[in-house]
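Novice: my questions are about this predicted structure, shown below with the sequence.
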Amino acid sequence: MARNNNPTSTAAVDTVRRHPKYYLNGGDFYVLVDNYVFRVHRYFFERESQWFRENLSAETPSDQAPTSNGTSEAKPFVLNGIAPEDFSKFLWVFYNPKYTLYDATLDDWTVILKLAFSWRFEEVKRLCTRELEKFELPPVQKIELYQTYELERDLLIPSLQALCARQEPLTLDEGRAIGLETTLLLAAARECARGELLANGSRSPTIANLGVDDMMSIIRQTFRLGPLPPDIS
């Protein structure tokens, strides 16, 4: 996510408002997102995020205007390219009143994951992984999501196994979604799973008849993956 050193270039001064939920008393970090100023705690950002540590500590070259580092409402740290409601969802991770109970939708976790990936919040990424594992995602959607944000590849074994075992090959749109490399590896795994070689050297185009353990072994070998963790919590 890009940032801008000039608050007035993002929102006109007379339209900037304090966020109704996340303008917190005692906050020492002022962030401008679109037309809203958020007042939160710098500690979370400096502790959790390499991206924020680098940007908050970076020295401004002498030939440029001083960087707004979020120390006051008049000099907020500006974030461009995100919506205030998305930043609010991200902040909820740190200010969740239910402590360890994180009750959010799949779309919400996807938004949080996207920002955590962009800003390098590794612990938040791990939280997103744990929560996403509670949802039943279609195989292609899960593979695309986990690959995009570089989540644990081992967690894709059941999805890859499902695509390998089904009778229908990948569609063009599905192949585009999961990428060329994954598509080619999946094609190789499907071929290995299609039973014994026929007399003409081809393999049966029907549904793979391998057991679960054999299918998983093919997936692990083809994609060079380790065993599926029993529990990531």
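Specialist: Sure, I can see it. Being a predicted model, the structure only gives us computed values, none of them experimental.
Novice: which pLDDT value goes with the residue nearest in space to the middle of the chain?
Specialist: In the chain, the residue lying closest to the centroid (C-alpha atoms, centre = their mean) is L113, at 3.3 Å. We have a pLDDT of 98 for L113.
Novice: what's near enough to touch it?
Specialist: Neighbouring residues of L113 by C-beta atoms under 8 Å, 6 or more residues apart in numbering: K125, C128, L132, L145, Y149. For every residue, glycine as well, the C-beta is placed using N, CA and C.
Novice: try L185
Specialist: For L185, the contact set (C-beta under 8 Å, 6+ apart) comprises T222, F223.
Novice: gap between it and L225?
Specialist: For L185, the distance to L225 equals 10 Å [C-beta to C-beta, to the nearest Å].
Novice: again, but for W109
Specialist: When W109 is compared with L225 (using C-beta to C-beta), they lie 23 Å apart.
Novice: likewise for I143?
Specialist: I143 sits 12 Å away from L225, going by C-beta to C-beta.
Novice: that older thread, show me the two of the contacts of L113 that sit farthest apart.
Specialist: For the contacts of L113, the farthest-apart pair by C-beta to C-beta is K125 and L145; their separation is 12.3 Å.
Novice: which residues do those two both contact?
Specialist: In terms of C-beta under 8 Å, 6+ apart, K125 and L145 are both contacted by the residues L113, L151.
Novice: mind checking what helix or strand follows the top strand by length along the chain in sequence?
Specialist: Using DSSP state E, we find that the single longest strand of the chain is strand 17-23. For strand 17-23, the following helix or strand on the C-terminal side (DSSP states H and E) is strand 29-33.
Novice: just give me the neighbour total for K114.
Specialist: Close neighbours of K114, defined as other C-beta atoms under 10 Å, add up to 18.
Novice: average pLDDT across stretch 22-29?
Specialist: Rounded mean pLDDT across stretch 22-29 is 96.
Novice: same thing with stretch 190-200?
Specialist: Stretch 190-200 comes out at a mean pLDDT of 69.
Novice: phi first, then psi, for N96.
Specialist: phi -60, psi 120 (degrees, to the nearest 10).
Novice: by neighbours, which of the contacts of L113 wins?
Specialist: C128 leads these on contacts (other C-beta under 10 Å) with 26 neighbours.
Novice: settle this for me: that one is touching W109, isn't it.
Specialist: Yes - using C-beta atoms under 8 Å, C128 is in contact with W109, at 5.4 Å.
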